[in-house]
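> Here is my input, please return the structure:
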Amino acid sequence: QVQLVESGGGLVQPGGSLRLSCAASGSMSSSYVMGWFRQAPGKEREFVAAINWWGGSPLYADSVKGRFTISRDNAMNIVYLRMTSLEPEDTAVYYCAVGRRGLTTNQIGYEYWGQGTQVTVSS
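Next up is the predicted model:
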């Protein structure tokens, strides 16, 4: 089992920035894919970004490309999501996820999930 704990969410004004963190523990391996998903009120959960163990060629949703950056610290088993130029449409609960099946945007590819952290973008 892998346990995931997200942090860093909060209230930010449009155009602002936040950095989310997700710490993994338990039977975590640096070879696992780490990703972020989000779920806005009344909407289905959607893919945001994912990164493999060596950090090369991360995947991003089109809606966040150029604004969000995913990175990871394999020594600490932490994945980060740096979010800039935030928009009200980015308001959602953000979930960290870990998968063992390779880099993918599909939620089915992720076996472990965190509890989520709320991000609210509002003036």
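
> Count the residues that sit near Ser122.
Here the number of neighbours of Ser122 (other Cβ atoms under 10 Å) works out to 10. Quick note: C-beta positions are derived from backbone N, CA and C, even for glycine.

> Distance of it relative to Pro88?
Computed as Cβ to Cβ, to the nearest Å, the Ser122 to Pro88 distance reads 6 Å.

> Need the residues touching each of the two.
Common neighbours of Ser122 and Pro88 (criterion: Cβ atoms under 8 Å, 6 or more residues apart in numbering): Pro14.

> Tyr112 and Val5 touch, don't they?
No - checked against Cβ atoms under 8 Å, the pair Tyr112 and Val5 is beyond contact range at 11.5 Å.

> Between these two, point out the one with more neighbours.
Each of Tyr112 and Val5 has its neighbours counted (other Cβ under 10 Å); Tyr112 has more, 19 against 14.

> OK, contacts around the more buried one?
Contacts for Tyr112 were tallied using Cβ under 8 Å, 6+ apart; they are Gln1, Val2, Gln3, Leu4, Ala24, Ala97, Val98, Gly99.

> what's the closest of those to Val33?
Val33 lies nearest to Gly99 out of these, by Cβ to Cβ, at 4.6 Å.

> For that closest one, grab phi and psi.
The phi and psi torsions at Gly99 (degrees, to the nearest 10) take the values phi -130, psi 160.

> Give me the neighbour count for it.
Neighbours of Gly99 (other Cβ under 10 Å): 21.
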